[in-house]
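> Please work out how this folds:
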Amino acid sequence: MKKRPPPLQERRSETPVESTGQLLWLVSAILVAGAPHALFIHPWVPAIILTLSAWRLVVAIKRWQLPSLAIRLPLTLLGFMAILLSYRQITGLDAGSSLLLVMTSLKLFETRGHRDRAVVVFICYFLLFAAFLREQPVWSAAYLFAGVLVTTAALLQTARSGSLVTAPRAMALSSRLVLQAVPLMILLFFLFPRIPGPFWALPQVGTNAMSGLGNELTPGDITELALSDEVAFRVRFDGEPPAPSQLYWRGPVMNRFDGRTWAIQKEGFRPQLESKVFKTGPDFSYELTIEPHGRNWLMALETPAAWTAPQALLTPSFQLVNPTPVNQRMAYRGRSYTGGSVPGAAIDNALDMAQILPASSNLKSVNFARQLRSEANSDRDFLLKVLEFFSQEEFYYTLTPTVLGPNPVDEFLFGTRQGFCGHYASAFTVMARAAGIPARVVTGYQGAEYNPLGNYWIVRQSNAHAWVEAWLEGRWMRFDPTAAVAPERIQMGFDDTMDWRAGAGGNLLRTNSLISRLALSWDAMNAGWNRWVLSFGPKSQETMMSLVGIEKPSLQYLTVALAISTTIFLLILGILQRRNNQPRVDRLQKSYQKLCARIGPLTRRRDPSEGPQEYANAVCKLRPDLETDLQDLFTLYVHLRYDHPSDDKSIKSFLEAVDHFRPRPLSKAAAP
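Residues are numbered from 1 along each chain as shown. Here you go, the predicted model:
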């Protein structure tokens, strides 16, 4: 009677699980893929991953039975609920990556075959690339490459049904596979049709403002930014840059004042104007790459005249804004005018707003300003007198000013006289408004650090600055009271002015030439990565295609070019692989085969299973006249092949002897 096969459930249980070595490779892939996310997710998630991975290894080492579905299902639901409670959602970068990491770790408890192990590895690939959705510094590319190598090695090892290869061998095979894909990666990078904006983009729900200027200014706010060496943006000028004293980078413009805090006044927008309408001085063209800061404003050199930032708009205060918060690195070109003045229309409502002061605050400053205005011949003369007041009186430029009370301008002007740029800009604007002159506070950055290694300028958060614009002669004129108190701040830059930072050890980056050069080299590398890789969009693709004579390629053209290029590459790769997979014959073996090929037609062909000495004896019986030469050649071959490692001189002698051996056919009369 024929025996029936066991039920499907029994056959599944007999399927061999992976070895401990394969599990180690799977766990390594999970840890490598999860490492870039570890600093951005809840701490309990990495703890759970490590716990589950260690538990799974113990199960394999102890040869315990894998948990049943009755255990795995509650654990899966518990992990899902923990993610939902921690993030209040299961979508988004942080919640999604946390959910994938927890579920991948739980998947280790049901890896009963090649398919299950492959699922774990492919999720690790996805997690590696998902890290690019969060940040894309140059080091992340190196880590991604290393992570792909480890994950590919894990895929090779976990797919084996026999014993595993050594770790160096597995990494070598993985490197070979990945390197073979690099040309295809380059083709896809240059020819894949691009979409406007960054390719790696994933909005994060609830994104908060990051480091940088805010939409409000209270004297002392910019002091915190001055202590940061974090990069705000980088600029590359087309030609000669402006003088350092003209590097005023325009940001939020503050019009509303409540007696203590300045804030942005909501405005409409104006269309992009022709430069001849508001030319105020020399014009400069540049390329600006701004770091994410979580707010809508963009940066531009003093008076922006043209820009390529998509959908960017200009307010009547000449502030360049973006429709959405800048949550990712953004690159655009611009053209601006310098000269210390900004055009404007004499809009009654706008000018009236620029004169409003709270009725019952800072009265001492208001009265002092009005008295000073009565002694001046004109509005310009009054503003110059205010600057003279700052420069001649004992005012001090400091990062550690005294905390001010309910009337901060009064306390600053007639009490502490110690402050940073925000203190001076606020006091100057209040005095101008008290004298009936429309005035507003402008925040932004002043100055920049030149990086000769990349021929571009770095503007850091420490360059944050505040100055004043007053309405004179039908336009907004720039006045910088900080320059009256600490002119070296404008001429030399913030770090050269605040010598105490170096003395306190907080500015080692600038005082040590070697460290400074290394820092600039690293920044130049990051800037190149941002410019040529992360910012490679439709415009860059068009520029690259124009170099080979293709102007404005269409989507269809790029698709066809990509398909043809990929097909040609795969054909070449296939041909090379076919050639490499053919068995290689060494020169000694090749010469021996040549010898047998010359003898075969004159005697008989060698049987594939016939050894050298056996074949030599057989053909010598058929051709006794060649016995001496044949025995010498075959004996030498056996000696070189089997007796001991052959030296090049002996092999060369054998090769030459075979080349000179030219046996003649045996005549019928001499045949046996």
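> Next, the residue nearest the centre of the chain: secondary structure please.
Averaging the C-alpha coordinates of the chain gives a centre point, and the residue nearest to it by C-alpha atoms, centre = their mean is Gln136 (2.2 Å). For Gln136, the secondary-structure state derived from DSSP: H, G, I helix; E, B strand; the rest coil is coil.
> Find the residue closest to it in space, skipping its chain neighbours.
Beyond its immediate neighbours in the sequence, the residue positioned closest to Gln136 (C-beta to C-beta, 6 or more residues apart in numbering) is Leu534, lying 5.4 Å away. To be clear about C-beta, it is placed using only N, CA and C from the backbone, and glycine gets the same treatment.
> related to what we said a few turns ago, from Gln89, how far off is the residue nearest to the centre of the chain?
Counting by C-beta to C-beta, to the nearest Å, the separation of Gln136 from Gln89 is 24 Å.
> circling back: from memory the residue nearest to the centre of the chain sits against Phe536, does it?
No. When contacts are counted by C-beta atoms under 8 Å, Gln136 is not listed as touching Phe536 (11.9 Å).
> Three-state assignment for Pro219, please.
Here Pro219 is recorded as coil under three-state DSSP.
> mind listing what it touches?
Applying C-beta atoms under 8 Å, 6 or more residues apart in numbering, one finds that Pro219 lies in contact with Pro401, Leu404, Pro408, Phe412, Gly419, Phe420, Gly422, His423, Ser426.
> pLDDT-wise, what's the bottom of the residues you listed?
When the contacts of Pro219 are compared on pLDDT, Pro401 comes out least confident, at 76.
> Over to that one: give its phi and psi.
Comment: the main-chain dihedrals of Pro401 come out as phi -80, psi 160, following degrees, to the nearest 10.
> hmm, back to that, what degree of burial does the residue nearest to Gln136 show, as a neighbour count?
Neighbours of Leu534 under the rule other C-beta atoms under 10 Å: 21.
> Verify the stated contact: it with Pro137.
No. Proximity of Leu534 to Pro137 does not meet the contact threshold set by C-beta under 8 Å, at 9.4 Å.
> show me where the stretch 151-300 of the chain has helices.
In the stretch 151-300 of the chain, the helices defined using DSSP state H, counting those that start in this stretch lie at 167-191, 221-226.
> and among those, the most buried is which?
Per-stretch averages of neighbours, counted by mean count of other C-beta atoms under 10 Å, single out helix 221-226 among the helices of the stretch 151-300 of the chain, with a mean of 19.
> average pLDDT across that helix?
Averaged across helix 221-226, pLDDT comes to 66.
> Kindly report the same for stretch 86-103.
In this model, stretch 86-103 has a mean pLDDT of 89.
> distance between it and the chain's centre?
In this view, stretch 86-103 has its centroid 22 Å away from the chain centroid, taken as C-alpha atoms, centre = their mean, to the nearest Å.
> same question, stretch 406-425
Taking C-alpha atoms, centre = their mean, the mean C-alpha location of stretch 406-425 is offset from the chain mean by 42 Å.
> for that stretch, how far is the first residue from the last?
18 Å (C-alpha to C-alpha, to the nearest Å).
> Tell me which of the helices of the stretch 151-300 of the chain sits nearest to Asp643.
helix 167-191 (31.2 Å; C-beta to C-beta).
> burial measure for Ala432, as a count.
By other C-beta under 10 Å, 27 other residues sit near Ala432.
> Could you check how many residues crowd around the closest residue to it other than its chain neighbours?
Nearest in space to Ala432, with sequence neighbours left out and distances taken as C-beta to C-beta, 6+ apart, is Ala439 at 3.7 Å. With neighbours defined by other C-beta under 10 Å, the count for Ala439 comes to 26.
> ok, now the one 10 residues further on?
The burial count assigned to Glu449 is 21, neighbours taken as other C-beta under 10 Å.
> Assign the closest residue to it other than its chain neighbours to one of the three secondary structure states.
Excluding its sequence neighbours, the residue lying closest to Glu449 (C-beta to C-beta, 6+ apart) is Ile458, at 4.6 Å. Taking three-state DSSP as the rule, one finds Ile458 in the strand state.
> didn't Ile458 look like it was pressed against Asp523?
Yes. Here Ile458 reaches Asp523: they are 6.4 Å apart, a contact under C-beta under 8 Å.
> any common contacting residues for these two?
Here Ile458 and Asp523 share the contacting residues Val231, Asn451, scored by C-beta under 8 Å, 6+ apart.
> between the two, who's got more neighbours?
Looking at Ile458 and Asp523 with other C-beta under 10 Å, you find the greater number of neighbours at Ile458, namely 21 against 18.
> Next up, the contacts around that one.
If you count contacts by C-beta under 8 Å, 6+ apart, Ile458 has them with Val231, Arg234, Ala448, Glu449, Tyr450, Asn451, Asp523.
> swap in Leu177?
Taking C-beta under 8 Å, 6+ apart, we find Leu177 in contact with Thr152.
> Val342 now?
Neighbouring residues of Val342 by C-beta under 8 Å, 6+ apart: Phe278, Thr280, Glu302, Thr303, Phe318, Glu469, Arg475, Trp476, Arg478.
> Burial check on Glu469, number of neighbours?
Using other C-beta under 10 Å as the criterion, Glu469 is surrounded by 27 other residues.
> Glu287 too?
Other residues close to Glu287 by other C-beta under 10 Å number 17.
> Please read off the pLDDT at it from the model.
Predicted confidence (pLDDT) at Glu287: the value is 93.
> Bridging across strands, which residues link to it?
On the basis of DSSP bridges, Glu287 takes part in beta bridges with Arg236, Arg333.
> Please tell me how far it sits from Pro325.
When Glu287 is compared with Pro325 (using C-beta to C-beta), they lie 22 Å apart.
> which is the next helix or strand following the helix or strand containing Ala427?
Under the criterion DSSP states H and E, the helix or strand holding Ala427 is helix 421-434. Going down the chain from helix 421-434, the next helix or strand is strand 439-446, by DSSP H and E.
> related to what we said a few turns ago, with respect to Gly79, which of the contacts of Val342 is nearest?
So of these, ranked by how close each gets to Gly79 (C-beta to C-beta), first place is Phe318, at 52.6 Å.
> State whether that closest one is indeed within a helix.
No. Judged by three-state DSSP, Phe318 forms no part of a helix; its state is coil.
> For the nearest residue to it once chain neighbours are set aside, list each beta-bridge partner.
Nearest in space to Phe318, with sequence neighbours left out and distances taken as C-beta to C-beta, 6+ apart, is Val342 at 5.2 Å. Partner residues in beta bridges with Val342: Trp476, with DSSP bridges as the criterion.
> Tell me the confidence at Val342?
Note on Val342: pLDDT of 82.
> Use 11 as the first number from now on
All right, first residue 11 from here; so that's Val352.
> distance of it from Pro491?
Taking C-beta to C-beta as the measure, Val352 falls 17 Å from Pro491.
> And for Leu361?
Here the criterion is C-beta to C-beta. By it, Leu361 lies 21 Å from Pro491.
> same thing with Ala364?
As for Ala364, its distance to Pro491 is 17 Å (criterion: C-beta to C-beta).
> Tell me if I'm right that Asn306 and Asn337 touch.
No. Using C-beta under 8 Å, Asn306 is not in contact with Asn337, being 10.5 Å away.
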